[in-house]
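> Structure of the sequence below:
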Amino acid sequence: MTVFPAYCRVAIALVLLGAVPSLRAQDHSHASDPTSPSPLSVPVDEATLATLPRTAVAVTTQGKTVTCTGVRLSILLTRAGVLSAEHLRGPALASYVLVTARDGNRVIYSLAELEPTLGNNNVVLVNQCDGKPLPGDSGPLRLIAPAESRAARWLRQVQSITVVAAP
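As a prediction, this is how the structure comes out:
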């Protein structure tokens, strides 16, 4: 059995506990740019959304089927520079998207489940259903996820979208 001097045992303990900065894993704030701050706010204003390709989805809500149009959340996040298949690995896989509504309700999606080459969950930020703007109690923006078994993470009155790197 090898016995190390006290100063060696202390050095080994510091390395194992991560106290030596040069040996710590790099902190990746979010998927596309490890040096970007976290949390990062994603713009959801009309001007930003108007520049993105629109998609239509048929969904059943409150017993009736409607066709809603909006922007895929993955496209919005890619345009904002926070979603990239190339950089979505390692610590970045723990990044998530926090969507907050005007009434304080919130939902979370992981970046991995939204990225088209990984989870490919088609979550859409809609502003129209059946060709009409959303009513005030639902809009002006609503988040829908048509492939999910229940509408538990659909969110009305979307106010903000924030990307967060999990600690």
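> Where does the one residue sitting closest to the centre of the chain fall, secondary structure wise?
The centre of the chain sits closest to V97, judged by Cα atoms, centre = their mean, with a distance of 2.4 Å. If you go by DSSP states H and E, V97 is part of strand 95-101.
> Now that strand - C-alpha only, PDB.
Extracted in PDB, the C-alpha atoms of strand 95-101 (Å, rounded to 0.1, in the frame of the first residue of the first chain):
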ATOM      1  CA  SER A  95     -30.400  23.200 -20.900                       C
ATOM      2  CA  TYR A  96     -34.100  23.800 -20.800                       C
ATOM      3  CA  VAL A  97     -36.700  26.300 -22.100                       C
ATOM      4  CA  LEU A  98     -38.900  28.000 -19.600                       C
ATOM      5  CA  VAL A  99     -42.100  29.400 -21.000                       C
ATOM      6  CA  THR A 100     -44.000  31.800 -18.800                       C
ATOM      7  CA  ALA A 101     -47.600  33.000 -19.200                       C
END
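> buried set for that strand?
Going by neighbour count (16 or more other Cβ atoms under 10 Å), the buried part of strand 95-101 is 95-97, 99-101. C-betas here are computed from N, CA, C, even on glycine.
> Stretch 128-135 too?
For stretch 128-135, by 16+ other Cβ under 10 Å, it's 128-129, 134.
> Stretch 51-65 too?
For stretch 51-65, by 16+ other Cβ under 10 Å, it's 57, 59.
> Same check on stretch 105-125?
107, 109-115, 121-125.
> What are the boundaries of the strands in the protein?
40-42, 55-61, 64-72, 95-101, 106-110, 124-129, 132-133, 142-144, 158-165 (DSSP state E).
> hang on, the earlier thing: dump the buried residues of strand 95-101 into a markdown table; add pLDDT and distance to A80 as well.
Shown next, in a markdown table, are the buried residues of strand 95-101 (pLDDT from 0 to 100; distance: Cβ to Cβ, whole Å):
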| residue | pLDDT | distance to A80 |
| --- | --- | --- |
| S95 | 90 | 13 |
| Y96 | 94 | 15 |
| V97 | 95 | 10 |
| V99 | 97 | 13 |
| T100 | 97 | 16 |
| A101 | 97 | 19 |
